[in-house]
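Enquirer: structure for the following, please:
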Amino acid sequence: LLSRSGSGADAATSTGAADSAPACCTLTFAVQGEAPGPVRLSVVRAPTGANLKAGHEVGTAPGAVTLPTPGEYVLRVAADGYAPAQVTVTAPSAVPVTVDLAP
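Expert: Numbers count the residues shown, from 1 in each chain. So this is what the prediction gives:
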């Protein structure tokens, strides 16, 4: 189960890069609940121009994830011992995305 704590449009920038596209936006992910390891974040759908294919892992939560272009991303959230879920995020955003791990 996932929840997102608000939706903001505050810009956050980074100098990192994902694939060959220039980096645009850093989103912060928080985890509520306990996972036996990192919560993996991978792409289900990315905006045109992001150059990210479905299944590409973009990072882990908790932590910061840099996405290559502004727009709406659908990410798969997976943690050992939990059923995978999806979360939709819009970049850029300064509002943290909360991944809620329910038993």
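
Enquirer: what residues sit buried inside stretch 33-40?
Expert: Ala35, Val39, Arg40 (16 or more other C-beta atoms under 10 Å). (Each C-beta comes from the backbone N, C-alpha and C, glycine too.)

Enquirer: where in this structure is pLDDT low?
Expert: 1-22, 103 (pLDDT under 70).

Enquirer: for Ala61, give its distance to Gly49.
Expert: Using C-beta to C-beta, to the nearest Å, one obtains 25 Å as the distance from Ala61 to Gly49.

Enquirer: quick one, which of those two is more surrounded?
Expert: Per other C-beta atoms under 10 Å, whichever of Ala61 and Gly49 has more neighbours is Ala61, with 25 against 12.

Enquirer: I figured the more buried one was touching Leu41, is that so?
Expert: Yes: when contacts are counted by C-beta atoms under 8 Å, Ala61 is listed as touching Leu41 (6.2 Å).

Enquirer: how many other residues sit next to Pro70?
Expert: Pro70 has 17 neighbours, counted by other C-beta under 10 Å.

Enquirer: coming back round to it: now intersect the buried residues of stretch 33-40 with the strands, please.
Expert: Among these, DSSP state E puts Val39, Arg40 in strands.
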